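Peer 1: below is the structure, and that's it, no one-letter string:
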RNA sequence: GCCGCCUUAGCUCACUUGGUAGAGCGCCAGAUUGUGGCUCUGGAGGUAGCCGGUUCGAAACCUGCAGGCGGUACCA
């Protein structure tokens, strides 16, 4: 065998970029997020729906099956009948497909929530993966602004239930459209450019955005971004509008914007939506701190048609090196009245909100980085001798029957390594049933948590070992009860 | 996609004009015949990202590729 070393293929053990392994701590956080948010969704009357990971590519939207590069943006492959199918990139497109397919039989308006992984084939970065988790709620078939208001109240309730400090920023596409029309910007390409420029306010500030609205901007890497080519006279009004949010109340912002949009019908309609959203949201008990109007929020271009929402994480985050982490939004949504029409030809009003579960989990684990997460190991039963394995398994079964997670050590190492193993699993206790215990009908139980605490006060190894911190030997009949008290403490 | 920087042990990083590699942490074992922490001792672990070139000789210099990081574009 040693001869073949040169010819034996050894793959490098690595995961594809943008895909990560999650261990118990991370999984526990995500699970808690999903369960909590799902409960809130159900409280608001949303029913659960699961759709498959794959959809036919044409159902997903702009990525057409006959496109030259079917894998741009999505992960696509050809089925054995040559049809292109692709992994879903969000939960909304599959919902639109489902609704179009089952419209006749659905209760309308249709409210559903869904959670699961989605995949995007694009450049990964910090806080930006190619496989991540979303948890969405949507209402299909209601054009009332109150439906949007409910999505906002839902988001607020969700973050509250999670105990995550967050604030929802709300805008309306109609406002921006109205402003642009009143400024004489009617070319759709130019409008798009303006929206993109506005979207970068938090990164580049007013000066950078002004450049992008006008001729263009050159960044530190030397890359040049062409601007929206707005005339100078139009740039300032756009900036003023975008910055009108400020630290005002919701109705205060609306008043401010009313003056600017006085001569735009679409703008007025947008303000009316927001006024009704404000009334409904206030009735549901959403405070001025929890949800604010911010004319600078843009989000998915060519997708949202009315109100849009974005959830910002309100706490400063630092990585393990102490650097400030740019979190981006931890959730968002809005109204998308054109999505179902792609399938049916019928305009179908729709609005929704999506929790960015993976991002939230990442944020929370940064906060909790110092302390150990909740993933405890099982009670570990030390394996002394091959001939007594039956005793160990018998006791493990007893513990499991009492509702205590337990396992028998299955390696072949000695006692010391076994204790180390239990420590590393973050186990609450180790159980010893050796010759002595068997002879006397007892069980020795070591409280590992107590030992962890005591270890800080003991510097002498002899004292540490002989003191046997947290360790007791008691009759077997009392063992389960004692272990239960350790686990529950 | 575009621009820049980077790639040496599991991790974080050294090796001051090219002479074929080290530390800390971690891991394993012993001191401690049945006991996790601390301390001490010992050990394992590297084709220096990959391919090619320059050279008597390359981890170091040069091409290319791949991967990572940062910025930028796109982002349903």
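Peer 2: Good, I have the coordinates. Since the structure is predicted, the reported quantities are computational estimates derived from the model, not experimental observations. Numbering: from 1, shown residues only, chains lettered A, B, ... in the order given.
Peer 1: can stretch A:350-366 be said to contact RNA strand B?
Peer 2: No: residues of stretch A:350-366 are not located near RNA strand B by C-beta under 7 Å from any atom of the strand, the shortest gap being 9.3 Å. (Each C-beta comes from the backbone N, C-alpha and C, glycine too.)
Peer 1: repeat that for stretch A:405-424.
Peer 2: Yes: using C-beta under 7 Å from any atom of the strand, we find that stretch A:405-424 touches RNA strand B at A:413, A:414, A:415, A:416, A:417, A:419, A:420, A:422, A:423, A:424.
Peer 1: for that stretch, what is the average pLDDT?
Peer 2: Mean pLDDT, computed over stretch A:405-424, is 92.
Peer 1: report the buried residues of that stretch.
Peer 2: By neighbour count on 16 or more other C-beta atoms under 10 Å, the buried set for stretch A:405-424 is A:406, A:407, A:408, A:409, A:418, A:419, A:421, A:422.
Peer 1: between those, which sits nearest residue A:55?
Peer 2: Nearest to residue A:55, judged by C-beta to C-beta, of the buried residues of stretch A:405-424 is residue A:407 at 41.2 Å.
Peer 1: now the nearest residue to that closest one once chain neighbours are set aside, what are its backbone angles?
Peer 2: Once flanking residues are discounted, residue A:407 sits nearest to residue A:378: 4.7 Å by C-beta to C-beta, 6 or more residues apart in numbering. Dihedral angles of residue A:378 (phi, psi; degrees, to the nearest 10) stand at phi -80, psi 170.
Peer 1: what about residue A:378, distance to RNA strand B?
Peer 2: As judged by C-beta to the nearest atom of the strand, to the nearest Å, residue A:378 and RNA strand B stand 14 Å apart.
Peer 1: if we can go back for a sec, narrow the residues of stretch A:405-424 next to RNA strand B to those in strands?
Peer 2: Taking DSSP state E as the definition of strands, the residues of stretch A:405-424 next to RNA strand B contribute nothing to them.
Peer 1: what about those, which are in helices?
Peer 2: Judged by DSSP state H, these include A:415, A:416, A:417, A:419, A:420, A:422, A:423, A:424 as members of helices.
Peer 1: so the first one sits against residue A:382, correct?
Peer 2: The one in question is residue A:415. Yes: Residue A:415 lies in contact with residue A:382 (C-beta atoms under 8 Å); the separation is 6.5 Å.
Peer 1: residues touching residue A:407, list them.
Peer 2: Contact analysis of residue A:407 by C-beta atoms under 8 Å, 6 or more residues apart in numbering lists A:378, A:379, A:380, A:381, A:396.
Peer 1: and it, helix, strand or coil?
Peer 2: Following DSSP: H, G, I helix; E, B strand; the rest coil, residue A:407 is assigned to strand.
Peer 1: could you check how far the residue in chain A that RNA strand B sits nearest to is from residue A:460?
Peer 2: Using C-beta to the nearest atom of the strand, the point where chain A gets nearest to RNA strand B is residue A:451, with a distance of 1.4 Å. Per C-beta to C-beta, to the nearest Å, residue A:451 is found 15 Å from residue A:460.
Peer 1: the two - which one has more neighbours?
Peer 2: When residue A:451 and residue A:460 are compared for neighbours, residue A:451 comes out ahead with 20 against 9, by other C-beta atoms under 10 Å.
Peer 1: elements contacting the one helix or strand the more buried one maps to?
Peer 2: Secondary structure from DSSP states H and E places residue A:451 in helix A:448-455. Helices and strands touching helix A:448-455, by 3 or more C-beta pairs under 8 Å, 6 or more residues apart in numbering; DSSP states H and E, are helix A:415-424, strand A:429-432.
Peer 1: and if we set it to 10 Å?
Peer 2: Here helix A:448-455 touches helix A:415-424, strand A:429-432, helix A:461-467, strand A:471-475, helix A:476-488, going by 3 or more C-beta pairs under 10 Å, 6 or more residues apart in numbering; DSSP states H and E.
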